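1. Let's see this in three dimensions:
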Amino acid sequence: MDIRIKRIDTSLPLPEYKTDGSVAFDIYAREDAVVEAQSLGRIPTNLIIATPPGYGLVLSARSSLASKKGLWLANGIGVIDQDYAGDGDEILLSVYNFSTTQVSVERGERIAQGMFVRIDTASWIEVEQMDKKSRGGFGSTGK
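-> All right, here's what the predicted structure looks like:
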C-alpha cells in the first residue's frame, strides 16, 4: 500500500517497520520536549500522513514509553482520520507524565507507533428492543 506522507523536517527518518513481522511503524519526536510532572504535553511527530480511504491510522505508545519515560498517551490511543492530511495537519502526540519528575523527550527519539486498520462506516438502524439476552454488565462473564 502506497501512503502519501510529508515530513516537516526531512533530516529525520521516515517511519519504519523495524522487522519483517512488525505490524506497526515507529514514530519519532520532531523536537526536544519537556513534559512537567503529572501534566499533559504535546509532542510533534514530524508527520502529515494521508490515510487512504477504507483505513484509519491508529497511534499507540511504544511498549517502553511508560516504563522508560513515565509517559502515557493521554487518550490511550490516537485515531487519525482520513481527512486530517492538510499541509498544516502535523500529527501531535498528547502525552501524560504520570511520574513525579519532569520528563525529557529528545528530537529523533522513537516515542509511538502507528498502524493502518481497515474500517467500515456504520449505518444506524434504531430499534425499540434488542434481540439478544442481556449479559449483565462489567465482569458478567467472570461469575
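
2. Could you check stretch 95-115 and say which residues are buried?
-> By neighbour count with 16 or more other Cβ atoms under 10 Å, stretch 95-115 contains the buried residues Val95, Tyr96, Asn97, Val103, Val105, Gly108, Arg110, Ile111, Ala112, Gln113, Gly114. C-beta coordinates here come from the backbone N, C-alpha and C atoms, glycine included.

3. Please identify which of these is nearest to Thr51.
-> Each of the buried residues of stretch 95-115 was scored against Thr51 by Cβ to Cβ, and Gly114 proved nearest at 9.7 Å.

4. Spit out the contact partners of that closest one.
-> By Cβ atoms under 8 Å, 6 or more residues apart in numbering, the contact list for Gly114 reads Pro15, Ala24, Phe25, Ile27, Ile49, Leu57, Val58, Leu59, Ser60, Ile80.

5. For the closest residue to Ser99 other than its chain neighbours, give me its contacts.
-> Counting by Cβ to Cβ, 6 or more residues apart in numbering, Gly70 is the residue found nearest to Ser99 once chain neighbours are left out, at 3.3 Å. Contact partners of Gly70, counting by Cβ under 8 Å, 6+ apart, are Asn97, Phe98, Ser99, Thr101, Val103.
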